[in-house]
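Engineer: quick one, what's the 3D model for this:
(one chain, ligands or ions: 1)
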Amino acid sequence: MDKFVIRGGNPLLGTLRVSGSKNSALPCMAAAILTEEEVVLENIPQVRDIETERKLLTSMGAEVELGYGRAHHRTTISCRVLSDPTAKYEIVKTMRASSLVLGPLVARTGMARVSMPGGCAIGARPIDLHIKGLETMGAQIAYEHGYIEARAERLKGAHILFDKITVTGTEDLLMAAVLAEGETVMENCAREPEVTDLAGLLTAMGAKIEGAGTPTIRVQGVEKLHGAKHRINPDRIEAGTFLIAGAITGGDLMVTQCNPQHLGAVIGKLQECGVRIEATGEDQIRVRSEGNLKAADISTEEYPGFPTDMQAQYMALATQAEGASLVKENIFENRFMHVQELVRMGANIRVDGRTATVRGKTPLSAAAVMCSDLRASASLVLGALVADGESILDRVYNIDRGYERIEEKLRGAGAQIRRMGNVFS
Ligand code: UD1
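Structural biologist: Coordinates of the predicted model:
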């Protein structure tokens, strides 16, 4: 298993380029199921979850070409033949976002078998709202041998009110609605830029969608969709992680190929902490800090609020800010796995239910730590970048799920970080 060895203390300087959004790319790849024609997606990030999605689609009979480097991070997907509309346990257990194929499979083939996702490191994460929505659209649902089986000759437009805001739930049902008969009105939808990105692709494929990016989405179902070419949005979470890397190390960084408009809550909070941030042009942000950070509270919320996917990274920053920062996690019930590891590096953090109190500034000292989930791993990288000495981060496959060659990118800005395969194991 790969590890990262990180020696802290260098301010990050120069440029960090942001890759395409993993959380946009996953639903967009699933959207290819909706047509017999080819879907071409550009700016696909080279991360493990994308490989997993490729495996998932190929296991159903799709042809998926995935090219990086000179091929410009492009994937071409053809779902002309879908011989086995099943998302198998072996794949779903490694990536919960596999449930995104449920809606498009029923809409296109009339049937889907998707393994029920098990528990997850960051909380229960059920998909009951996806299933309830499909039932409202006329699907028959059965549970067998750990699988959800959904069947419908043709889904029917319906009125769907989400009890709770769900990102992949909104995306899954949007993909079901575009081929349903008649109009679907979805209320209390997620407004995340990834939903808007998916709606952009679906519209290019011939879907009729209004209101993506607002709480109410209206869809007029069509008989058939065609192929399309689409460029994936920049990854706002990778960009936010880089902003914190610049701030925590007292650096001067230009984060490029990002969309500053998607980062409003994160930028606002960093400014409150005393970080100097300017959007310079449409797609880059300069971040500077002299290390005199002030504490500030955050509370995670659905977009456009402060993203839960940035909570762990923000907590690393809070350990280096003067004063007490309250970090409240409202989206997932168990998303503080990074706390114990940061504490092992010298942080002063107390957790009480969904709120963590971080008291700073505490000097961090290098340690051997374990990466748990994806964003927790990113927070440990950030902590290690300012820790005194050499930290060893174990299980970095968690970070490879969603960050493209993060060690190479950070090294390019002056970080002392290297990947070791099978060291000390
Ligand atoms: C997506 C993102 C993930 C991010 C999360 C919240 C992808 C691939 N993943 O995950 O990175 O952290 O949004 O921004 O885009 N819920 C239910 N029933 C459901 C669905 C969700 O109760 O059927 C609950 C969840 O347990 C959670 C909350 O709703 O408490 C939000 O979850 P959701 O937005 O669905 O997260 P994901 O789409 O899984």
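
Engineer: just the helices in this structure please.
Structural biologist: Ranges of helices within the chain are 22-31, 48-59, 89-92, 102-109, 128-136, 167-177, 193-204, 236-248, 264-272, 311-318, 337-344, 374-386, 397-400, 406-412, based on DSSP state H.

Engineer: show me the contacts for the residue nearest to residue 330 when sequence neighbours are not counted.
Structural biologist: Spatially, and ignoring its direct neighbours in sequence, residue 330 is nearest to residue 300 (5.1 Å; CB to CB, 6 or more residues apart in numbering). To be clear about C-beta, it is placed using only N, CA and C from the backbone, and glycine gets the same treatment. Applying CB atoms under 8 Å, 6 or more residues apart in numbering to residue 300 gives the contacts 306, 307, 308, 311, 328, 329, 330, 331.

Engineer: which pair in those residues spans the largest distance?
Structural biologist: 307 and 328 (13.2 Å; CB to CB).

Engineer: neighbour count winner among those two?
Structural biologist: residue 307 (24 against 15; other CB atoms under 10 Å).

Engineer: before we move on, the earlier item: let me have the helices of the chain in a markdown table, extended by mean pLDDT, mean neighbour count and distance to the ligand.
Structural biologist: Converted to a markdown table, those look like this (pLDDT from 0 to 100; neighbours: other CB atoms under 10 Å; distance: least, CB to the nearest ligand atom, whole Å):
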| stretch | mean pLDDT | mean neighbour count | distance to the ligand |
| --- | --- | --- | --- |
| helix 22-31 | 98 | 28 | 4 |
| helix 48-59 | 95 | 20 | 8 |
| helix 89-92 | 90 | 17 | 12 |
| helix 102-109 | 97 | 27 | 11 |
| helix 128-136 | 95 | 20 | 3 |
| helix 167-177 | 98 | 28 | 3 |
| helix 193-204 | 98 | 23 | 6 |
| helix 236-248 | 98 | 27 | 7 |
| helix 264-272 | 97 | 18 | 12 |
| helix 311-318 | 98 | 28 | 9 |
| helix 337-344 | 96 | 21 | 14 |
| helix 374-386 | 97 | 27 | 8 |
| helix 397-400 | 93 | 20 | 13 |
| helix 406-412 | 97 | 19 | 16 |
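
Engineer: any chance of those in TSV, plus distance to residue 142?
Structural biologist: Putting these into TSV (distance: least, CB to CB, whole Å) gives the following:
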stretch	distance to residue 142
helix 22-31	22
helix 48-59	21
helix 89-92	16
helix 102-109	12
helix 128-136	11
helix 167-177	17
helix 193-204	28
helix 236-248	36
helix 264-272	41
helix 311-318	37
helix 337-344	35
helix 374-386	32
helix 397-400	34
helix 406-412	42
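
Engineer: among those helices, which comes closest to residue 368?
Structural biologist: Once these are compared by CB to CB, helix 337-344 is nearest, at 8.5 Å.

Engineer: contacting residues around that closest one?
Structural biologist: By CB under 8 Å, 6+ apart, helix 337-344 touches 121-122, 312, 315-316, 319, 347, 349, 351, 356, 364, 367, 369-370, 372-373, 375-376, 379-380, 383.

Engineer: need the residues of the stretch 251-400 of the chain near the ligand, please.
Structural biologist: Counting by CB under 6 Å from any ligand atom, the stretch 251-400 of the chain comes close to the ligand at 308, 309, 331, 332.

Engineer: which pair in the residues you listed spans the largest distance?
Structural biologist: Pairwise distances across these (CB to CB) peak at 10.0 Å, for the pair 309 and 332.

Engineer: without its sequence neighbours, what residue ends up closest to residue 420?
Structural biologist: Per CB to CB, 6+ apart, closest to residue 420 is residue 3, 5.0 Å.

Engineer: next, count neighbours for that neighbour.
Structural biologist: 21.

Engineer: any idea what residue 255 is bridged to?
Structural biologist: Beta-bridge partners of residue 255, counted by DSSP bridges, are residue 16, residue 285.

Engineer: and it, what is it in contact with?
Structural biologist: Residue 255 neighbours (CB under 8 Å, 6+ apart): 15, 16, 18, 239, 242, 243, 246, 284, 285, 286, 287.

Engineer: one more pass at 7 Å, please.
Structural biologist: Neighbour list for residue 255: 16, 18, 239, 242, 243, 284, 285, 287 [criterion: CB atoms under 7 Å, 6 or more residues apart in numbering].

Engineer: over to residue 274?
Structural biologist: Counting by CB under 7 Å, 6+ apart, residue 274 has contacts 292, 293, 294.

Engineer: now with 8 Å, please.
Structural biologist: Neighbours of residue 274 in contact, by CB under 8 Å, 6+ apart: 289, 292, 293, 294, 321.

Engineer: mark which of those are buried, thanks.
Structural biologist: Neighbour-count burial within those applies to 289, 293, 321; the criterion is 16 or more other CB atoms under 10 Å.

Engineer: count of residues packed around residue 20?
Structural biologist: 25.

Engineer: torsion angles phi and psi at the residue lying farthest from the centre of the chain?
Structural biologist: For the chain, the C-alpha farthest from the mean C-alpha position belongs to residue 153; by CA atoms, centre = their mean, that distance is 32.6 Å. The phi/psi pair for residue 153 (degrees, to the nearest 10) reads phi -60, psi -50.

Engineer: returning to that earlier point: redo the contacts of residue 255 as JSON lines? Include distance to residue 220.
Structural biologist: Converted to JSON lines, the contacts of residue 255 look like this (distance: CB to CB, whole Å):
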{"residue": "16", "distance to residue 220": "42"}
{"residue": "18", "distance to residue 220": "35"}
{"residue": "239", "distance to residue 220": "34"}
{"residue": "242", "distance to residue 220": "40"}
{"residue": "243", "distance to residue 220": "40"}
{"residue": "284", "distance to residue 220": "38"}
{"residue": "285", "distance to residue 220": "38"}
{"residue": "287", "distance to residue 220": "43"}
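
Engineer: quick check, nearest of the buried ones among the contacts of residue 274 to residue 97?
Structural biologist: Closest approach to residue 97 among the buried ones among the contacts of residue 274 (CB to CB): residue 321, at 32.8 Å.
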